[in-house]
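Student: what's the 3D shape of this:
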Amino acid sequence: MTLRIIIAVGVLAVANIIGGFLPSVFLLIPGALDLLSGSSPWGFAAAFVQQALVLAFVIFAVWAWMRWVERRSLRDAGWRWGRRSVLWLLLGIVIAATSLLAVTIVLPATGSVPDSPAMFGEPGAAPLTIALLIVYYVGLAFLQQSIPEELLFRGWLLWRLRHRPVVAVVVTALAFTVIHLVSSGGQQSAWEHVLYLALPFGFAVLATGMLLWTGSLWAAVGVHGGFHIGNYIAASVLAPVDAATSWLAVGGVQTAIGLVLVVTALRRGRTILDARD
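Tutor: Numbers count the residues shown, from 1 in each chain. Next comes the predicted model:
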């Protein structure tokens, strides 16, 4: 399992390197920088290519490992789409985003609502620009982050420990949390990097609980993506709050919800990636 965790982290790192490197090759073309800069549709297209490359590489890597090492199908790692998958995806998004926004709203504000919300562009931005920005942030939340990371951690790694569900939940949540020590979320010190871990730990436990109850990896993807969408919305339309306080509060609430889901699911005999999707 230690080897698999290292491989999962390596796959993510390589995927992001590839995703960032290949589109940058276009910048070598004379005039490409001007074409891709600002709110140009071509710039958003390049960003979409980057996001898609990250997802494609992770899917390929997990498929190759499942086929040649585990001798199993990619479907066994949760990569399957059923009649209820879209329902579980939307449910995960709503639960994660709503809990994050609700906690943020009740925290004391440290400033005023921003005049220029990043997710929706500058005031007076053209409708096309606003639409492209929304698509960009949704792609960033799902194509580049939630789908590949959930396939690796709540799919492949969790499936590998499916016969020891408690160990599976603990190991995958901690492994996923630790890699976020290098995340850039506004931390100003080494201690804040530690406090920030409350966020990924919280939605990791929540994602696992949703997966156990629904039997679908897409519920976990929804939680992960919904967390990012909620974050973008909060930064765009809500007054700022103390960063460290929000990390602990949001992470604590989502951890509590996730633990309730995990415990009740295991007590009812729910198994990892075994229920019908």
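
Student: CA atoms for contacts and neighbours, from now on please.
Tutor: OK.

Student: all helices for the stretch 101-250 of the chain, in order.
Tutor: Ranges of helices in the stretch 101-250 of the chain, per DSSP state H, counting those that start in this stretch, are 127-141, 147-150, 158-160, 165-178, 190-196, 198-214, 217-237, 243-267.

Student: in terms of mean pLDDT, which of those helices ranks lowest?
Tutor: When the helices of the stretch 101-250 of the chain are compared on average pLDDT, helix 127-141 comes out lowest at a mean of 86.

Student: and that one, what does it pack against?
Tutor: If contacts are counted by 3 or more CA pairs under 8 Å, 6 or more residues apart in numbering; DSSP states H and E, helix 127-141 sits against helix 41-68, helix 217-237.

Student: buried deepest among those, which one?
Tutor: The highest average neighbour count among these, using mean count of other CA atoms under 10 Å, belongs to helix 217-237 at a mean of 26.

Student: which of the helices of the stretch 101-250 of the chain is buried the deepest?
Tutor: Of the helices of the stretch 101-250 of the chain, the one with the most neighbours on average (mean count of other CA under 10 Å) is helix 198-214, at a mean of 27.

Student: OK, contacts around the residue nearest the centre of the chain?
Tutor: Closest to where the C-alpha atoms of the chain average out (CA atoms, centre = their mean) is Ser146, at 3.0 Å. Each residue near Ser146 by CA atoms under 8 Å, 6 or more residues apart in numbering is listed here: Val221, Gly222, His224, Gly225.

Student: reformat those residues as CSV; add distance to Trp68.
Tutor: As requested, the contacts of Ser146 are exported to CSV (distance: CA to CA, whole Å):
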residue, distance to Trp68
Val221, 25
Gly222, 29
His224, 28
Gly225, 30
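
Student: mind checking how far Met66 is from Arg160?
Tutor: 10 Å (CA to CA, to the nearest Å).

Student: name the residues contacting each of those two.
Tutor: Shared contacts of Met66 and Arg160, defined by CA under 8 Å, 6+ apart, are absent.

Student: if we can go back for a sec, so which of the helices of the stretch 101-250 of the chain comes closest to Ala97?
Tutor: helix 217-237 (4.2 Å; CA to CA).

Student: distance between the closest one and the chain's centre?
Tutor: Chain-centre distance of helix 217-237: 7 Å, with CA atoms, centre = their mean, to the nearest Å.

Student: that helix vs helix 243-267, what angle?
Tutor: 160 degrees (axes from the mean of the first three to the mean of the last three CA atoms, to 10 degrees).

Student: what is helix 217-237 packed up against?
Tutor: helix 85-106, helix 127-141, helix 147-150, helix 198-214.

Student: right, and those - which one's nearest Met1?
Tutor: helix 147-150 (16.6 Å).

Student: contacting residues around the nearest residue to Ile95 once chain neighbours are set aside?
Tutor: Among residues not flanking Ile95 along the chain, Val223 sits closest, at 6.9 Å (CA to CA, 6 or more residues apart in numbering). Residues in contact with Val223 (CA under 8 Å, 6+ apart) are Leu89, Gly92, Ile93, Val94, Ile95, Ala96, Ala97, Phe203, Leu206, Ala207, Met210.

Student: measure the last one to Glu70 for me?
Tutor: By that I understand Met210. Plainly put, Met210 is 25 Å away from Glu70 if you go by CA to CA.

Student: and what of the fourth one?
Tutor: When CA to CA is the yardstick, Val94 and Glu70 sit 34 Å from each other.

Student: the third one too?
Tutor: Look at Ile93 and Glu70: by CA to CA, they are 31 Å apart.

Student: those two: which is more packed in?
Tutor: Between Ile93 and Glu70, counting by other CA atoms under 10 Å, Ile93 is the more crowded of the two (24 against 12).

Student: so the more buried one makes contact with Gly226?
Tutor: Yes - the pair Ile93 / Gly226 is scored as a contact, 3.9 Å apart, by CA atoms under 8 Å.

Student: that older thread, can I get the helices and strands packed on helix 127-141 in a markdown table with distance to Ala126?
Tutor: Below are the helices and strands packed on helix 127-141 laid out as a markdown table (distance: least, CA to CA, whole Å):
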| stretch | distance to Ala126 |
| --- | --- |
| helix 41-68 | 12 |
| helix 217-237 | 17 |
